[in-house]
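Visitor: Give me a model of this one.
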Amino acid sequence: MYSKEYKNWVLVLLVAFFFMVMLDMSVVTIAIPKIMSELGVNLEDVDWIMIAYNVATAIIIIPITFVLKKIGLKIPIILSIIFFTISSIACGLSTSINMLIFFRVIQGLSGGGIAPLGLSLLGKVFEPHERGKAMGVWGVGAMVAPAIGPTIGGWITDNLSWRWIFFVNVPVAIITLIGIWIILENDRNEQHFKANFDFIGFVFFSMAVACILIVFNEGQNKGWSSSYIHAFEILAAAGFILYLLFEQFIRHPLIDFNIFKNYNFTLISSINAIRAISLFGSLFIIPVFLENIMNYTPFTTGLIMMPAAIMVSISAPLFGKGTDRFGPKYFIVFGMLMTGISLIMYWNLSRQSSLWDIIFPSILRGIGLGMMYSPIMSSGLNSVKREQIPEASGLLPITMRLSAGFGIALFANYLTTKQAYYLSRYAGKINNKNFLFRKMESIFNLSGQFRANKGIITNSARVNPGLGMINGLVKSFALIQAYDAVFILAGVICFLGVIPSLLLKNKIHYDSENV
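Guide: Below you'll find the model as predicted:
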């Protein structure tokens, strides 16, 4: 039994560091133009600054569960903070793109482990009836940081330098390191785990995870039918198949799949995946819409998204406390419904949409996400036995990471597909029988801008300036309607998450054998 003060200090220190790790996933995006200019690289090269970090944070999650069972929690957490701090400084001092990518990999490997380490520590320190509130506070780092990253990154880049995006990690990391070193108990002597590390499983699993994340990140840029993407798809499939084949002969496999025999944990894993697809997919689409369609600056876009982040930070601890008292089931159900409704409220966004049309649904979405996060994470830990908490602490974050990558890829591809669909529909109606077309033709004729190819949308405004202008308008309308379709899809995915949520067993008090 731990004192209340000890629990609170542990929670604050973990959330502070986890916040910085999650912030680094989105904060760099805004600095890409400055990095390209200063290091003299193209967009394709600089994309790997983000891809390398995302892949590294994902592949380290599962191996960390072995490490914490072997040597405890304190040493891995301290090493994680130390290497994250050093690599952050190195990123800020980088003089070439290769140097920056290399240290981003180190930064991702060191920072990515904090998710399973933090969840395991919270599962150890907090009793089952306290984990809801603790996970609510933990959720501030998980969901608020990615939302406000562009705002912070924009301010730092405009007022300081892109290098300070990495330097800003250092003081927070040092304070966290000192606090963890002093406060956290030394638990190394408590460990009696004698198994050897599953290197074969790690190689195949890491290959599969890395390749599938590269597919998700690069598919839209390289083309889903390109040989580049197909090669990584084959490698990912081969990695997963070889992992499953070889793990049959490993005494202590990298992942203990027996945990999925637990009814509630299996359902929570599927709910966590659905939530991640919808959440991170929409977090990717909304800023792009605001910048490309509404013509807001990245900094203004971040400010518009801020109310949702604030609502998450307020609601997550409150609903976490409610989870401890009433159980997770109905909070997850209503959170899914509210998040889905808030996304579908974007079904008719346009250039004429007011700020209220954008911000009000985002506030509802923030409440819905806050309502879901703590119940999902606390239920995931509470549903397994205490000795299985390390496995659960690794599987929940890796499920979220892979599902988030899939969600972003899904929405980006769906956006392109729907844009082509609506463009073909609109283009077919642009002819001399269309009243609006004839009206615009009469206006342009006054200045002689319709000269040739009447009734055909030309790709060159120089051939026919009037039709070129109409072409631009039609493409814009098609893109806006495609965005609306994506928001509807995101909402429908949330509604699908209600089904496994209703199947959950709403456990409030847990048997001693399960804690």
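
Visitor: From now on I want contacts and neighbour counts done on CA atoms only, so please keep to that.
Guide: Noted.

Visitor: Relative to the whole chain's centre, how far out is stretch 417-426?
Guide: Offset of stretch 417-426 from its chain centre (CA atoms, centre = their mean, to the nearest Å): 28 Å.

Visitor: Only the buried residues of it, if you could.
Guide: 418-419, 422-423 (16 or more other CA atoms under 10 Å).

Visitor: Now do that stretch: everything it contacts.
Guide: For stretch 417-426, the external contacting residues (CA atoms under 8 Å, 6 or more residues apart in numbering) are 474-475, 478-479, 481-482, 485.

Visitor: change it to 10 Å
Guide: Contact with stretch 417-426 is made by 411, 413-415, 428, 471, 474-486, as judged by CA atoms under 10 Å, 6 or more residues apart in numbering.

Visitor: Now the buried members of those.
Guide: Neighbour-count burial (16+ other CA under 10 Å) applied to those gives 411, 413-415, 471, 474-486.

Visitor: mind listing which of the residues you listed are in helices?
Guide: 411, 413-415, 471, 474-486 (DSSP state H).

Visitor: Output stretch 132-139 as PDB, nothing but the C-alphas.
Guide: The C-alpha coordinates for stretch 132-139 follow below in PDB (Å, rounded to 0.1, in the frame of the first residue of the first chain):
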ATOM      1  CA  GLY A 132      -9.800   5.300 -13.300                       C
ATOM      2  CA  LYS A 133      -8.900   8.700 -11.900                       C
ATOM      3  CA  ALA A 134      -5.200   8.000 -12.400                       C
ATOM      4  CA  MET A 135      -5.800   7.100 -16.000                       C
ATOM      5  CA  GLY A 136      -7.900  10.200 -16.500                       C
ATOM      6  CA  VAL A 137      -4.800  12.300 -15.600                       C
ATOM      7  CA  TRP A 138      -2.600  10.100 -17.700                       C
ATOM      8  CA  GLY A 139      -4.900  10.800 -20.600                       C
END
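
Visitor: any idea how far residue 294 is from residue 352?
Guide: Look at residue 294 and residue 352: by CA to CA, to the nearest Å, they are 9 Å apart.

Visitor: more neighbours, those two?
Guide: Neighbour comparison, residue 294 and residue 352: the larger count goes to residue 294, with 15 against 8 (by other CA atoms under 10 Å).

Visitor: if you skip the residues just before and after it, what's nearest to that one?
Guide: Spatial nearest neighbour of residue 294, chain neighbours left out: residue 351 (5.8 Å); criterion: CA to CA, 6 or more residues apart in numbering.

Visitor: Which pLDDT does the model give that neighbour?
Guide: In this model, residue 351 is scored at 82, pLDDT.

Visitor: how many neighbours does it have?
Guide: With other CA under 10 Å as criterion, residue 351 counts 13.

Visitor: Surely it is in contact with residue 293?
Guide: Yes - counting by CA atoms under 10 Å, residue 351 touches residue 293, with 6.6 Å between them.

Visitor: Could you name every residue contacting both of the two?
Guide: Here residue 351 and residue 293 have 476-477, 480 as joint contacts, going by CA under 10 Å, 6+ apart.

Visitor: any idea which of those residues is closest to residue 285?
Guide: Set against residue 285, the nearest of those by CA to CA is residue 480 (11.8 Å).

Visitor: Could you pull up phi and psi at the nearest residue to the closest one once chain neighbours are set aside?
Guide: Nearest residue to residue 480, sequence neighbours excluded (CA to CA, 6+ apart): residue 350, at 6.3 Å. Main-chain dihedrals, residue 350, degrees, to the nearest 10: phi -150, psi -180.

Visitor: and the gap between residue 350 and residue 147?
Guide: From residue 350 to residue 147 the distance is 22 Å (CA to CA).

Visitor: Residue 81 reaches residue 117, doesn't it?
Guide: No - applying CA under 10 Å, one finds residue 81 not in contact with residue 117, separated by 11.6 Å.

Visitor: Around residue 246, count how many other residues there are.
Guide: Residue 246, neighbours per other CA under 10 Å, totals 13.

Visitor: Next up, identify which helix or strand the closest residue to it other than its chain neighbours is on.
Guide: Leaving aside its chain neighbours, residue 246 sits nearest to residue 201 (7.2 Å; criterion: CA to CA, 6+ apart). Assigning secondary structure by DSSP states H and E places residue 201 in helix 199-222.

Visitor: Can you mark which positions in that helix are buried?
Guide: Applying 16+ other CA under 10 Å to helix 199-222 flags 200-202, 204-220 as buried.

Visitor: And stretch 157-169, by the same measure?
Guide: 157, 161-169.

Visitor: quick revisit: assign the residue nearest to residue 294 to helix, strand or coil.
Guide: Using DSSP: H, G, I helix; E, B strand; the rest coil, the structure places residue 351 in coil.

Visitor: Next one: it relative to residue 359, how far apart?
Guide: Distance of residue 351 to residue 359, computed by CA to CA: 15 Å.

Visitor: Please apply the same query to residue 319.
Guide: Residue 319 is 22 Å from residue 359, by CA to CA.
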